[in-house]
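Visitor: what's the 3D shape of this:
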Amino acid sequence: MEPVESSAGRVRAFIRLGRPKFLVQSMMVVGLGVTLAVHDGHAFRPARFVLTLLFAWCTHLMTHYCNEYFDLEADRANAAPTGWTGGSRVLVSGLLRPQVSLGAAFVLLFAAVGLIAAMPTAGARAVAAVITALSWFYTAPPLRLNYRALGEAACAVVLYGLGPVLARTLQAGAPTGADLVWVGAVCALQFLRMSVMNLADIEGDRRTGKRTLAVLLRPPGLTRLYLVGQLVVAGTAFALAVTGAVPWSGALAVAATGPIAAWVARRLLAGALERSETANAVTFWASVHLPLTTCAITLSLFAGQPVRGAWPAVYGVALAAFLVWLAGAVRGNLPRRTS
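Guide: Model prediction:
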């Protein structure tokens, strides 16, 4: 590792501190929201797409830097972090001062407020303001939502709930009822995913008084929640398809990524999060399940109704970038052979 005393070392540590690998999720969330608007017959607005993406990345990074500062005690108490939970470990390792993380969070907060002011409608500004507030108080006082068993719901609502709603609103106004079905599906799956991530951090959270759902429900209860939740989401999608409320292509898109959730559930039942050699794979696939499902639903919307204009090409670039990232992430999480 490059010495932190060097400028390059500090820059690399600062980038790691922000955990940019998670930004692919907000990119695909914005893509879903824009696709909902275009699928509903509205013209693609490139400038508003860029504004939405900048805001999504700004608030996403803000949340990471904010969490690193306010979660420092819990991260220090976490003796078994994975590559996807337990923070970046930059502050825990002493590579940068905690004030650097808090300062970055405030800069990004002010930038987010500026982007909100640039939004053209009161409805979009209201949604964006709620996103920003919930993101900041996810770990920041006085609310500290993730310390009061509300973090899982707050994260799901912010990223996979209000995220696509904001993108849809900036493109073409409030979403339709059918749009909200798909937003609700990915939002519910994000809630379940965050429950698994907090389960991976349970020991450190317990020692520092951090009351997540994993701490309250304990591993058996949390595992049951994940299993039942996945079945409810898939079952609801199929029930709505049977009634004709949503197209079958969307329900099949949700089912297409179901094997990933099933694999995660099996590992949870086997206690994989209790072993460091298997915990990283579980948290990785629980995380990847969400953007993959979002992509599958988005592509089902394209398949259900031909979309003209520039948006398919723009989304194609975003999808290609995600797939390149995914391929690298999968390679990085494959078990290493020992000679």
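
Visitor: now the helices for the stretch 201-339 of the chain?
Guide: Secondary structure of the stretch 201-339 of the chain (DSSP state H, counting those that start in this stretch): helices at 202-207, 213-243, 248-256, 258-269, 276-304, 311-332.

Visitor: show me the one of those helices that comes nearest residue 92.
Guide: Across the helices of the stretch 201-339 of the chain, residue 92 has its closest neighbour in helix 202-207 (10.5 Å, C-beta to C-beta). Every C-beta, even on glycine, is put in place using the N, C-alpha and C of the backbone.

Visitor: could I get the average pLDDT for that closest one?
Guide: For helix 202-207, mean pLDDT rounds to 95.

Visitor: what lies in contact with that helix?
Guide: Contact with helix 202-207 is made by 74-80, 86, 198, 210-212, 214-215, 219, as judged by C-beta atoms under 8 Å, 6 or more residues apart in numbering.

Visitor: mind listing residues that contact stretch 65-73?
Guide: Stretch 65-73 has contacts (C-beta under 8 Å, 6+ apart) with 17-18, 75, 87-88, 90-92, 98, 101-102, 104-105, 108-109, 135-136, 138-141, 144, 208.

Visitor: now swap in stretch 32-52 and tell me
Guide: 30, 115, 118-120, 163-168, 170-172, 175-176, 179, 182-183, 186, 294, 297-298, 301-302, 304-305, 307, 309-311, 314-315.

Visitor: run the last query once more with 7 Å
Guide: Identification of contacts with stretch 32-52 by C-beta atoms under 7 Å, 6 or more residues apart in numbering yields 30, 115, 118-119, 163-168, 170-172, 175-176, 179, 294, 297-298, 301-302, 305, 307, 309-311, 315.

Visitor: among these, the buried ones, what's the ChimeraX command?
Guide: To isolate in ChimeraX the members of these that are buried, counting by 16 or more other C-beta atoms under 10 Å, one can use:
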select :30,115,119,163,164,165,166,167,168,170,171,172,175,179,294,297,298,301,302,307,311,315
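
Visitor: for the closest residue to residue 241 other than its chain neighbours, what are its contacts?
Guide: Nearest non-adjacent residue to residue 241, counting by C-beta to C-beta, 6 or more residues apart in numbering: residue 251, 3.9 Å away. Contact criterion C-beta under 7 Å, 6+ apart gives 237, 238, 241 as the residues in contact with residue 251.

Visitor: would you turn those residues into JSON lines with neighbour count and pLDDT?
Guide: Listed next are these as JSON lines, based on neighbours: other C-beta atoms under 10 Å; pLDDT from 0 to 100:
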{"residue": "237", "neighbour count": "23", "pLDDT": "96"}
{"residue": "238", "neighbour count": "16", "pLDDT": "96"}
{"residue": "241", "neighbour count": "19", "pLDDT": "95"}
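
Visitor: so which of those residues comes closest to residue 287?
Guide: Nearest to residue 287 among these: residue 237, at 20.9 Å, using C-beta to C-beta.

Visitor: correct me, but the closest one touches residue 186?
Guide: No - at 10.9 Å, residue 237 does not count as touching residue 186 under the criterion of C-beta atoms under 7 Å.

Visitor: which residue, other than its chain neighbours, is closest to residue 61?
Guide: With C-beta to C-beta, 6+ apart, the residue lying closest to residue 61 is residue 18, at 5.1 Å.

Visitor: burial count for that neighbour?
Guide: 22 (other C-beta atoms under 10 Å).

Visitor: tell me the confidence at it?
Guide: Looking at residue 18, its pLDDT stands at 97.

Visitor: same check, this time on residue 307
Guide: pLDDT recorded at residue 307 is 71.

Visitor: contacts only, for it.
Guide: Applying C-beta under 7 Å, 6+ apart, the residues near residue 307 are 38, 39.

Visitor: ok, it to residue 152 distance?
Guide: 34 Å (C-beta to C-beta, to the nearest Å).

Visitor: which residues touch residue 167?
Guide: Applying C-beta under 7 Å, 6+ apart, the residues near residue 167 are 30, 33, 34, 52.

Visitor: which one of those sits closest to residue 324?
Guide: residue 30 (17.9 Å).

Visitor: okay but that closest one is in contact with residue 53, surely?
Guide: Yes - counting by C-beta under 7 Å, residue 30 does reach residue 53; the two are 5.2 Å apart.

Visitor: closest to residue 245 out of the contacts of helix 202-207?
Guide: Among those, residue 198 lies closest to residue 245 (C-beta to C-beta), at 32.6 Å.

Visitor: can you list the low-confidence ranges for the chain?
Guide: 1-5, 335-339 (pLDDT under 70).

Visitor: doesn't residue 120 lie inside a strand?
Guide: No - under DSSP: H, G, I helix; E, B strand; the rest coil, residue 120 sits outside any strand and is assigned coil.

Visitor: tally of neighbours for it?
Guide: Applying other C-beta under 10 Å, we find 12 residues neighbouring residue 120.

Visitor: and it, how close does it get to residue 171?
Guide: 11 Å.

Visitor: now, the contacts of stretch 65-73 that are in helices?
Guide: 17, 75, 98, 101, 102, 104, 105, 108, 109, 135, 136 (DSSP state H).
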